[in-house]
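**Student:** Okay, predicted coordinates and the sequence, questions at the end:
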Amino acid sequence: MGNKKWYSSKTIWAGIIGMVVVIYNSVSAGLATQCGIEGSFCVTLPAIPEFVFGILGALGIYGRTSASSRIE
């Protein structure tokens, strides 16, 4: 069983993309609440659908169960 770099891990990438999606949705919701304040910069970003979290979770589980080498 050999070692591999962290960036070649499916599990790590599922976690990173999951965090990016959460941050994006939080920023998107925060900007939408500021639209009612006079004089504020108003931007509406489309929300990422909830099923994306399920796909990322499944990818993370798949990556973990199919792992055959350790991360360096």
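**Tutor:** Received, thanks.
**Student:** and the helix or strand hosting I16, how far out from the chain's middle?
**Tutor:** Per DSSP states H and E, I16 falls inside helix 10-33. Mean C-alpha position of helix 10-33 versus that of the full chain (Cα atoms, centre = their mean, to the nearest Å) differs by 4 Å.
**Student:** oh, and call the first residue 106 from now on, that's how I've got it
**Tutor:** OK, 106 is where the count begins now, so the last one is helix 115-138.
**Student:** Which SSE is immediately downstream of that helix?
**Tutor:** For helix 115-138, the following helix or strand on the C-terminal side (DSSP H and E) is helix 156-170.
**Student:** Next, the angle from that next one to helix 115-138.
**Tutor:** 160 degrees (axes from the mean of the first three to the mean of the last three Cα atoms, to 10 degrees).
**Student:** Tell me which residues touch the spatially most central residue of the chain, please.
**Tutor:** Note on the chain: the residue nearest the mean C-alpha position is G123, at 1.9 Å, using Cα atoms, centre = their mean. G123 is in contact with 158, 161-162, 165, counting by Cβ atoms under 8 Å, 6 or more residues apart in numbering. Glycine gets a C-beta too; all of them are placed from N, C-alpha and C.
**Student:** Put the buried members of those into a ChimeraX selection.
**Tutor:** Applying 16 or more other Cβ atoms under 10 Å to those, the buried members can be selected in ChimeraX as follows:
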select :161,165
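**Student:** ok, so of the contacts of G123, who is nearest I117?
**Tutor:** Among those, G165 lies closest to I117 (Cβ to Cβ), at 9.1 Å.
**Student:** can I assume the closest one is in contact with I117?
**Tutor:** No. Contact between G165 and I117 fails when scored by Cβ atoms under 8 Å: they sit 9.1 Å apart.
**Student:** Mind exporting the C-alpha coordinates of the helix holding I121 to CSV?
**Tutor:** Extracted in CSV, the C-alpha atoms of helix 115-138 (Å, rounded to 0.1, in the frame of the first residue of the first chain):
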residue,chain,number,x,y,z
LYS,A,115,-11.4,12.0,-3.9
THR,A,116,-12.4,12.3,-0.3
ILE,A,117,-10.3,15.5,0.3
TRP,A,118,-11.8,17.1,-2.9
ALA,A,119,-15.3,16.2,-1.9
GLY,A,120,-14.7,18.0,1.4
ILE,A,121,-13.1,21.1,-0.2
ILE,A,122,-15.9,21.4,-2.7
GLY,A,123,-18.5,21.0,0.1
MET,A,124,-16.9,23.8,2.0
VAL,A,125,-16.8,26.1,-1.0
VAL,A,126,-20.5,25.4,-1.7
VAL,A,127,-21.4,26.2,1.9
ILE,A,128,-19.4,29.4,1.9
TYR,A,129,-21.0,30.4,-1.5
ASN,A,130,-24.5,29.8,-0.2
SER,A,131,-23.8,31.8,3.0
VAL,A,132,-22.4,34.7,1.0
SER,A,133,-25.3,34.5,-1.4
ALA,A,134,-27.9,34.6,1.4
GLY,A,135,-26.0,37.4,3.2
LEU,A,136,-26.0,39.6,0.1
ALA,A,137,-29.7,38.9,-0.5
THR,A,138,-30.6,40.2,2.9
